[in-house]
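Engineer: Turn this into a structure:
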Amino acid sequence: MANVTDIDVNECDSNPCLNNGTCTDLIRDYLFSCRAGFTGRNCETITELDKALMNLFHIFIITIVSMVSFSYVELQKKDLIIMKACFGEKILKIP
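Structural biologist: Alright, predicted model coming up:
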């Protein structure tokens with residue numbers, strides 16, 4: 001008769017692996033193969049290089065958004081100047 005402690009369960013059934021890592025079931029344990037950019041027992045930690053790259057990406061996006069917003073404001077100012085020159089101040093009443 002098998003002892004309860006002798007029964008091996010598949011530790012990967014509970015999907016303990018994070019960030020699309022691959023779980024390999026072992027006897028009373030499991031092992032992960034983490035995809036690039038992740039490390040840790042359950043692939044839960046972003047590597048320092050990827051953290052730096054993510055920060056650069058966020059800075060890039062913020063810069064692009066700021067440039068687009070600034071360009072939009074500058075275009076509005078130019079349109080306003082052109083409208084003033086063509087039609088005078090009376091049409092510039094904004095509700």
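Engineer: Restricting to C-alpha, output the helix or strand where Y30 lies in CSV.
Structural biologist: Using DSSP states H and E, Y30 falls within strand 29-33. Taking Å, rounded to 0.1, in the frame of the first residue of the first chain, the C-alpha atoms of strand 29-33 are listed here in CSV:
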residue,chain,number,x,y,z
ASP,A,29,9.2,19.8,-7.2
TYR,A,30,9.2,21.7,-10.4
LEU,A,31,11.6,23.6,-12.6
PHE,A,32,11.1,26.7,-14.7
SER,A,33,12.6,27.8,-18.0
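Engineer: Which SSE is immediately downstream of that strand?
Structural biologist: Proceeding C-terminally, strand 29-33 gives way to strand 38-39 as the next helix or strand, assigned by DSSP H and E.
Engineer: Neighbouring strands of the helix or strand following that next one in the sheet, and parallel or not?
Structural biologist: As assigned by DSSP H and E, the chain's next helix or strand after strand 38-39 is strand 45-46. Using DSSP bridges, the strands paired with strand 45-46 in its sheet are strand 38-39 (antiparallel).
Engineer: before we move on, what SS does K51 have?
Structural biologist: Here K51 is recorded as helix under DSSP: H, G, I helix; E, B strand; the rest coil.
Engineer: on that earlier part again, so for the strand holding Y30, what gets flagged as buried?
Structural biologist: Residues of strand 29-33 classed as buried by neighbour count (16 or more other C-beta atoms under 10 Å): Y30, F32. C-beta coordinates here come from the backbone N, C-alpha and C atoms, glycine included.
Engineer: And it, what does it pack against?
Structural biologist: strand 22-26 (3 or more C-beta pairs under 8 Å, 6 or more residues apart in numbering; DSSP states H and E).
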